[in-house]
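Q: sequence unknown, structure follows:
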């Protein structure tokens, strides 16, 4: 074959290779070239999906919140509610400099007076004690405990408390339930809450005496990936039982403890005793020497959560330290003020003092009278406490 013939046969092959290289180069350039919208072509499906998810999140964040639908028990014009919503929207907006990851969205709540009626006519764990000692036909308490509880009830029915009873009261709360397993005790508490009518109100049991506006706040925070913790001076197992219907897990309850022991441990020290497989954990006594109140709440949060709360909700001096703890970390302290004298057993003098403190500490106040359209819902009516009614009759005679 001549050189001329060989060259003529190689030309089509060279042209074909050059054409293929040109097509490949054009494809690379086209992929990198901005499209009509000014964006680059997606190079893989996962990246495209992430972008779409980010767009959806941004759209959801920009959608206005339907206050009436989300908070039907509130005055829709409540400035305090608007302040809470603005704070939540800010810390959950990825575009905000104040954005917090879900792991940082800790919200701590007191229970009595913050979520549940505190004056019915006294704390719910104390009413549980009175029920156990004075009203439960299946249980027989010692005569000195009966006398103690009769005195507590006499004052409670007049809307009063006697400080002389407080130590004995705390001892009795633990003593009268010794030997129950935690599950048995929680079942007892749940039965009490479900069936015992609230003293001072018509139309609800103790389990229904939760403030509807605050339950809506709980739901709202859960929907925004807040981690909800109960931090209460009430007895821990009582709080666990009371909050279980609202989705608060037992390990998210910090409160005053009783001693736990095992069935056959007796007086043996924990480090010197090993429970057998046929034993159970049961409640012992006394109550924890350091109750979970005031500064104890802050220390308990540091010990059991290990993070500062971003939001802290309370209603009394026992919660002020916890509110300050939230404020000092760039969070928000919120105080429920019992200033409603018509629908609740509010206290005008105490409320005035609390509003002054709210201004001083830069907390946010929730007014029962002004911010809440309803407290317990339809069909619930405040009545006179039985002790007050008896006194009124005696004075009239």
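A: Structure received. Just so it is clear, the model here is predicted, and its values are computed rather than measured.

Q: gap between stretch 349-356 and the chain center?
A: Centroid separation for stretch 349-356 versus its chain: 25 Å, with Cα atoms, centre = their mean, to the nearest Å.

Q: Check which residues of that stretch are buried.
A: Buried residues in stretch 349-356, counted by 16 or more other Cβ atoms under 10 Å: 351, 354. Just so you know, the C-beta spots here come from the backbone N, C-alpha and C atoms, and that holds for glycine as well.

Q: Can you name the next helix or strand after the host helix or strand of residue 298?
A: Using DSSP states H and E, residue 298 sits in helix 295-304. The helix or strand immediately downstream of helix 295-304 is strand 311-314, counting by DSSP H and E.

Q: contact partners of that following strand?
A: Strand 311-314 is contacted by residues 84, 87, 106-110, 114-115, 214, 217, 221, 226, 319-320, 322-323, 325-326, 331-336 when judged by Cβ atoms under 8 Å, 6 or more residues apart in numbering.

Q: related to what we said a few turns ago, give me the helices and strands touching the helix holding residue 298, please.
A: Applying 3 or more Cβ pairs under 8 Å, 6 or more residues apart in numbering; DSSP states H and E, one finds that helix 295-304 makes contact with strand 227-235, strand 253-256, helix 320-327.

Q: and that helix, average pLDDT?
A: Averaging pLDDT along helix 295-304 yields 96.

Q: That one: which residues count as buried?
A: Neighbour-count burial for helix 295-304 [16+ other Cβ under 10 Å]: 296, 297, 298, 300, 301.

Q: Just the residues contacting that helix, thanks.
A: 108, 110, 229, 231, 233, 254, 290, 292, 308-309, 318-319, 321-322, 325.

Q: Spatially nearest residue to residue 116 (excluding sequence neighbours)?
A: residue 210 (5.0 Å; Cβ to Cβ, 6 or more residues apart in numbering).

Q: domain parsing for this structure?
A: 1-36, 104-396 (automatic domain parsing).

Q: Deepest-packed of these, please.
A: Of all the domains of the chain, domain 104-396 carries the top mean neighbour count, a mean of 18, counting by mean count of other Cβ atoms under 10 Å.

Q: Check the offset of it from the chain's centre.
A: On Cα atoms, centre = their mean, the centre of domain 104-396 falls 13 Å from that of its chain.

Q: ok so, going back, by how many degrees do the helix holding residue 298 and strand 227-235 diverge?
A: Between helix 295-304 and strand 227-235, the angle comes out at 130 degrees (axes from the mean of the first three to the mean of the last three Cα atoms, to 10 degrees).

Q: what angle do helix 295-304 and helix 320-327 make?
A: For helix 295-304 against helix 320-327, the angle by the same axes, to 10 degrees is 50 degrees.

Q: Tell me which of the helices and strands packed on helix 295-304 sits nearest to residue 192.
A: Of all those, strand 227-235 sits nearest to residue 192, with 12.9 Å by Cβ to Cβ.

Q: Let me see the mean pLDDT of the helix or strand following that closest one.
A: The element immediately downstream of strand 227-235 (helix or strand, assigned by DSSP H and E) is helix 236-243. Confidence over helix 236-243 (mean pLDDT, whole number) is 97.

Q: Please shift the residue numbers so they start at 20 in all later answers.
A: Sure, I'll start counting at 20 from here, so that last one is helix 255-262.

Q: packing partners for helix 255-262?
A: helix 143-149, helix 201-214, strand 246-254, strand 272-275.

Q: mind redoing it with 10 Å?
A: helix 143-149, helix 201-214, strand 246-254, strand 272-275, strand 277-281 (3 or more Cβ pairs under 10 Å, 6 or more residues apart in numbering; DSSP states H and E).
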